[in-house]
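J.: Can you look at this prediction? I've put the sequence above it.
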Amino acid sequence: MRPEEFSLTMDGFASLAQGIRGFDVLCRNGIVGAPFRQTADGRRHGFLLVADDVVGGFYALNGGAFGPETGKIFYFAPDTLRWESMNNMDYSELLVWALGDKLSRFYASLGWDGWESEVSFMGGDSALSVYPFLWSKEAKDIARSSRKACPIEEVYELNVVDLPAQLRTGRL
């Protein structure tokens, strides 16, 4: 994948072959609209989602949820189901990184031949649900996996909330 294959949206958020509209970002953080960024008792998590990608990954600005590195970017990796530090990257560095040549290396293991045409119809309000799950040992090759566009809220709930909880409690 080449850097020019990634889009920069009008909000300035970079994401893999899709855009993010400002209103979507507000909804995703429970500021307006759908409150999926809140806990059941209405509390906000200690981070602010700033971008997502087409394979179900999410970028967040740490507000304390991920330790003392406040103001730094973390990535929720759909192939590990973990929030990972982006090496002390802040928001402006995320934008520079997303437009540079390192982005294609970051996504190298999550790409497949023809991904551009497959995701070209998707808007910023959707991501792929992949089965077998990217974190499972059965998902050795994303090209052979089933991929279906789903609302980003559903992908978030499944990847970030439900699956990690089920794995922690041994229900999966």
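T.: Arrived safely.
J.: Parallel or antiparallel, which strands does the strand or helix carrying Ala51 pair with?
T.: Assigned by DSSP states H and E, Ala51 falls within strand 47-52. Strand 47-52 pairs in its sheet with strand 58-62 (antiparallel), by DSSP bridges.
J.: now the very next helix or strand once past the strand it pairs with, how far from the chain's geometric center?
T.: Once the chain leaves strand 58-62, the next helix or strand it forms, by DSSP H and E, is strand 73-77. Offset of strand 73-77 from its chain centre (C-alpha atoms, centre = their mean, to the nearest Å): 7 Å.
J.: How about residues contacting strand 73-77?
T.: For strand 73-77, the surrounding residues in contact (C-beta atoms under 8 Å, 6 or more residues apart in numbering) are 47, 50, 57-62, 66, 82-86, 89-91, 93-94, 159-160. Using the backbone N, CA and C atoms, a C-beta is placed for each residue, glycine as well.
J.: okay, Gly115: pLDDT?
T.: Not Gly; residue 115 is Trp. For Trp115, the pLDDT comes out at 86.
J.: tally of neighbours for it?
T.: 21 (other C-beta atoms under 10 Å).
J.: phi, psi of it?
T.: Dihedral pair for Trp115: phi -60, psi -30, per degrees, to the nearest 10.
J.: Next one: it relative to Ala127, how far apart?
T.: Here Trp115 is placed at a distance of 13 Å from Ala127 (C-beta to C-beta, to the nearest Å).
J.: intersection of neighbour lists for the two?
T.: Val54.
J.: re earlier: as a whole number, average confidence for the strand holding Ala51?
T.: For strand 47-52, mean pLDDT rounds to 88.
J.: Where is the longest helix in this protein?
T.: Identified as the longest helix of the chain according to DSSP state H is helix 91-99.
J.: Direction-wise, compare it with strand 58-62 and give the angle.
T.: 160 degrees (axes from the mean of the first three to the mean of the last three C-alpha atoms, to 10 degrees).
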